[in-house]
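Participant: Turn this into a structure:
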Amino acid sequence: MISKKIAVLNAGDFWYGIDIANPDKLIENVRIAGSVTLITSQTADLVRFIKSEKMRFTTINIIDLECLDKQMSQAGKDVHAIKKWHLLVRLKYHKFLANDFRLTDLTLLECLQGMAKFYENLISKDTDETNRFDCIESQINKIIYRRQFLGVPIDSAIAKQLCSELDAQIYMVKNVLQRKYNIFEPDNEQQQIAYLISKKYQILRSPLFTFKARRNHDDGCKHFYDMLRNQRDLDSLLFMLSHWGGENKAIPTYYGFGTITSRITVREPGIQNLRKGNRKVIVADSGFKLLYIDYSQFEAGILAALSNDATLLKLYDSDIYSDLALSLFNDATKRSDAKVIFYRYMYGDTSLNGASKAYFKKFKGLENFRKSIEDEINKNHRIGTNEGNYRIATEGNCGWALSHLIQSTASLIYKRALIRVSAEVNAAKFLVPMHDGTLYQIPEYLYEATVKKIELIYKIEFEKECPGIIARVNCSDKFYE
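Facilitator: Now for the predicted structure:
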């Protein structure tokens with residue numbers, strides 16, 4: 001049965017909506033019954049409303065307009081210069097609302113009609129992306145919004161302890177930046193960028209990622225990186241403690257298509273981005289046990305398989321990152337530093353030093369593959385997987401092309417695995433998505449058998465998209481170090 005599609009908007013204390021098939025009639029004080037698809041840009045508030053009204057969540061599908069826009073526009077931040085997505089801004093940009101539109105009680109219907117037109121325009125924009133949405137993204141939405149409805153179990157006592165520790169660490173780092181480097185507002189992004197420019201460092205993705213890439217060779221970058229990471233963790237923990245969900249639950253907001261490469265992101269609180277030592281705040285419900293399963297060398301393995309470079313494929317069976325660390329630092333234990341170099345190569349960083357460039361040039365198959373990607377994007381003006389998730393090329397630098405192909409392929413593999421586990425392994429309860437892994441909770445008495453089933457699915461989905469690879473995954477009952 002085809003479910004009714006309703007665009008919904010929260011204004012004040014009430015939810016308003018319109019039926020996409022009958023957009024001329026305003027539905028006041030929305031009450032949801034039966035099978036229905038709700039289209040909104042306020043997923044967190046909507047899930048909270050559904051929960052408070054004790055509605056049957058199993059019959060409700062949710063489509064987030066922000067995620068759908070990211071998928072269908074196929075454009076990175078460089079195209080629209082979007083730092084923070086906003087519904088009215090996007091409706092005005094696409095001419096579904098006038099530039100002077102203001103949301104009031106009298107213009108609710110007009111806004112909802114704009115939302116309906118926006119949705120219909122997006123969903124009919126590209127056949128490949130629409131098929132992907134139907135087969136993959138809509139299934140992912142069911143998984144993530146179900147968990148958003150239930151919440152993620154946390155230990156509030158641990159959260160409070162971590163907040164105190166992080167606050168002290170941030171204070172100390174800021175003192176160093178102020179006294180030693182004369183940076184008096186270190187949490188000001190413009191001062192962070194000014195520091196990087198003064199060092200003549202190319203900014204990769206964001207100041208945070210650039211500080212991470214340079215932290216082992218520049219003490220200033222290390223201090224900035226520690227401050228920003230600790231502040232982000234502190235913000236997330238404070239959100240857990242102060243937001244709705246009760247004493248022992250966090251209710252994060254999940255975005256199924258959170259980035260241009262279709263990565264699932266989690267915000268408010270940003271559980272995904274917690275430093276490994278701070279992840280101990282996430283616990284299992286009573287009678288359950290945690291499983292954290294993640295792919296080993298995920299992007300590196302995909303790159304090896306797609307490039308079909310024999311040397312790189314062989315290194316995957318041992319450890320590509322350790323080999324890179326040994327080659328560049330003469331120390332195989334500096335694996336995390338080597339991983340950053342690997343990502344910089346994928347992102348098209350032209351400031352890599354001679355030793356790093358020479359390392360990657362020795363992989364002839366890889367170099368030829370990179371050249372073929374450049375040729376493809378020059379010819380077709382977009383790059384993506386065999387199931388959509390394209391990114392369009394603009395007149396500017398397309399050094400991101402290789403990275404987009406690898407990361408969007410990683411997202412495709414990962415989402416297929418999530419969908420299969422959800423459909424085939426009832427005992428596995430999805431909690432937190434990471435880029436290359438997932439945190440589940442499993443009933444203790446079913447733990448061992450369930451882990452084996454999940455591990456097999458993850459391996460099969462990797463190998464399906466990357467022939468020539470014998471997938472490697474790690475399984476642990478710990479989510480932290």
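Participant: I'd say Thr438 and Tyr295 touch.
Facilitator: No: Thr438 is beyond contact range of Tyr295, at 10.0 Å (criterion: C-beta atoms under 8 Å). (Glycine included, C-beta is placed from N, CA and C.)
Participant: Tell me which of the two has more neighbours.
Facilitator: Ranked by neighbour count (other C-beta atoms under 10 Å), Thr438 and Tyr295 place Tyr295 first, with 25 against 21.
Participant: Now do the contacts for the more buried one.
Facilitator: Gly301, Tyr414, Asp436, Gly437, Tyr458, Phe462, Ala471, Arg472, Val473, Asn474 (C-beta atoms under 8 Å, 6 or more residues apart in numbering).
Participant: Only whichever of the residues you listed are buried, select them in PyMOL.
Facilitator: Buried residues among the contacts of Tyr295 (16 or more other C-beta atoms under 10 Å), as a PyMOL selection:
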select buried, resi 301+414+436+437+458+462+471+472+473
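Participant: Looking at the contacts of Tyr295, spot the one nearest Asp100.
Facilitator: Asp100 lies nearest to Tyr414 out of these, by C-beta to C-beta, at 43.0 Å.
Participant: Longest helix in this protein, please.
Facilitator: Criterion DSSP state H: the longest helix present in the chain is helix 156-181.
Participant: Which strands or helices does that one pack on?
Facilitator: Counting by 3 or more C-beta pairs under 8 Å, 6 or more residues apart in numbering; DSSP states H and E, the packing neighbours recorded for helix 156-181 are helix 219-242.
Participant: before we move on, the earlier item: just the angle between the longest helix of the chain and helix 219-242, please?
Facilitator: 150 degrees (axes from the mean of the first three to the mean of the last three C-alpha atoms, to 10 degrees).
Participant: Any idea how far helix 156-181 is from the middle of the chain?
Facilitator: What separates the centre of helix 156-181 from the centre of its chain is 26 Å, taken as C-alpha atoms, centre = their mean, to the nearest Å.
Participant: Show me which positions of that helix end up buried.
Facilitator: Ser156, Ala159, Leu162, Cys163, Leu166, Gln169, Ile170, Val173, Lys174, Val176, Leu177.
Participant: What is the nearest of the residues you listed to Gly365?
Facilitator: Nearest to Gly365, judged by C-beta to C-beta, of these is Val173 at 43.3 Å.
Participant: quick one: contacts for the closest one?
Facilitator: Pro186, His223, Asp226, Met227, Asn230.
Participant: make it 10 Å
Facilitator: Contact partners of Val173, counting by C-beta atoms under 10 Å, 6 or more residues apart in numbering, are Pro186, Lys222, His223, Phe224, Tyr225, Asp226, Met227, Leu228, Asn230, Gln231.
Participant: Name the member of those residues that has the highest neighbour count.
Facilitator: Counting neighbours by other C-beta under 10 Å, Phe224 leads the contacts of Val173 with 28 neighbours.
Participant: wait, isn't that residue in contact with Asn188?
Facilitator: No: using C-beta atoms under 10 Å as the test, Phe224 is too far from Asn188 to be in contact (11.2 Å).
Participant: Without its sequence neighbours, what residue ends up closest to the residue most central in space within the chain?
Facilitator: Centroid-nearest residue in the chain, with C-alpha atoms, centre = their mean: Thr265, separated by 3.2 Å. Of all residues not flanking Thr265 in the chain, Gly258 sits nearest, at 2.9 Å (C-beta to C-beta, 6 or more residues apart in numbering).
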